[in-house]
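A.B. asks: Return a 3D structure for these sequence lines:
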Amino acid sequence: MPEIYYQVIALAMRYVFAGICFLIVLRTFYWQRVEHRAWKQRVRQLPDTGYIGEFYAVRGTSAFPAGTCVAVPWEGTMGSSVTADITVQSQHIARKHLFFSFDPASGLVVEVNRHQRCVIDGHPIDDRTAIGRFPMHHGSVLEVGDIVLRLRLFSGMESEPGYGRIRKRNTKQQKRKYQASGIGVPKPGKSASSNSASRRRRQESASAKETAHEKRTEK
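C.D. replies: The predicted structure is shown next:
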């Protein structure tokens, strides 16, 4: 084959490889756009995505009437400004009245802005109050300005005072469980495996004693 043909094929392959790379890039952008559309559609179908609960207005104003519900994100600001994460229209509320963040171990922690105050479950909070001293839980009441809000957490986000306390064992339920299974009733503080091992050792000791007694009797 003449050398000119090899040169033509090599030049054509350059364009072929360039076209393949271009198609790969187009395909990448196409799938990225498809995934972005699917993500946006999923967010529209789940409007509570990224929120921990909602504030229900127990007492409100003409601009923020009672019965109004606003979604509560994981963290953000509350105030009368439209740029706040939770906008509460009232002349007694500053543009950025307080900051909040959710901690699964304690609850919704509130920190008021300078020279501002609020009330959480009857406890006054100001800029000198230690952060996290009075966290909000499901059903807690927040009084900010002349508006009273009740926090309602979504299922699975509840946190109550005494979070993480160890529950006492229900010995009655354990007794019924082991009696029904025929294993025996474990002593408080001991597991079923340890009781089974000790019972096996007692049975072996009793059988050894019986064997020794039989040998002595035969003699």
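A.B. asks: For the longest strand belonging to the chain, give the mean pLDDT please.
C.D. replies: In terms of residue count, the longest strand belonging to the chain (DSSP state E) is strand 51-59. Averaging the model's pLDDT scores along strand 51-59 yields 92.
A.B. asks: and the stretch of helix or strand Val16 belongs to, what's its mean pLDDT?
C.D. replies: For Val16, the enclosing helix or strand under DSSP states H and E is helix 3-45. Mean pLDDT, computed over helix 3-45, is 82.
A.B. asks: picking that back up, report the strands that pair with the longest strand of the chain, each with its relative direction.
C.D. replies: strand 69-73 (antiparallel), strand 147-153 (antiparallel) (DSSP bridges).
A.B. asks: Low-confidence bits of this protein, can you list those?
C.D. replies: Scanning the chain with the threshold set as pLDDT under 70 gives 1, 43-49, 156-200, 203, 206, 209-219.
A.B. asks: Excluding covalently adjacent residues, which one is nearest to Gln89?
C.D. replies: Ala63 (3.6 Å; CB to CB, 6 or more residues apart in numbering). In short, each C-beta sits where N, CA and C put it, glycine included.
A.B. asks: What are the buried residues along stretch 70-81?
C.D. replies: Judged by neighbour count (16 or more other CB atoms under 10 Å), stretch 70-81 contains these buried residues: 70, 72, 77-80.
A.B. asks: Stretch 26-33 too?
C.D. replies: Across stretch 26-33, burial judged by 16+ other CB under 10 Å covers no residue at all.
A.B. asks: repeat for stretch 110-118
C.D. replies: 110, 112-113, 116-118.
A.B. asks: tell me which element Gly76 falls in.
C.D. replies: For Gly76, the enclosing helix or strand under DSSP H and E is strand 75-79.
A.B. asks: cool, and Val110?
C.D. replies: Taking DSSP H and E as the criterion, the element that holds Val110 is strand 107-112.
A.B. asks: and Gly53, which of the strands paired with strand 51-59 is closest to it?
C.D. replies: With distances scored as CB to CB, the stretch of those nearest to Gly53 is strand 147-153 (3.9 Å).
A.B. asks: The closest one vs strand 107-112, what angle?
C.D. replies: Relative orientation of strand 147-153 and strand 107-112, computed by axes from the mean of the first three to the mean of the last three CA atoms, to 10 degrees: 150 degrees.
A.B. asks: Dump strand 147-153 to PDB, keeping only the CA atoms.
C.D. replies: Once non-C-alpha atoms are left out, strand 147-153 reads as follows in PDB (Å, rounded to 0.1, in the frame of the first residue of the first chain):
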ATOM      1  CA  ILE A 147     -45.500  36.800  68.700                       C
ATOM      2  CA  VAL A 148     -45.700  33.300  70.300                       C
ATOM      3  CA  LEU A 149     -44.400  30.400  68.300                       C
ATOM      4  CA  ARG A 150     -44.600  26.700  69.000                       C
ATOM      5  CA  LEU A 151     -41.900  24.300  67.700                       C
ATOM      6  CA  ARG A 152     -43.100  21.100  66.000                       C
ATOM      7  CA  LEU A 153     -40.300  18.800  65.000                       C
END
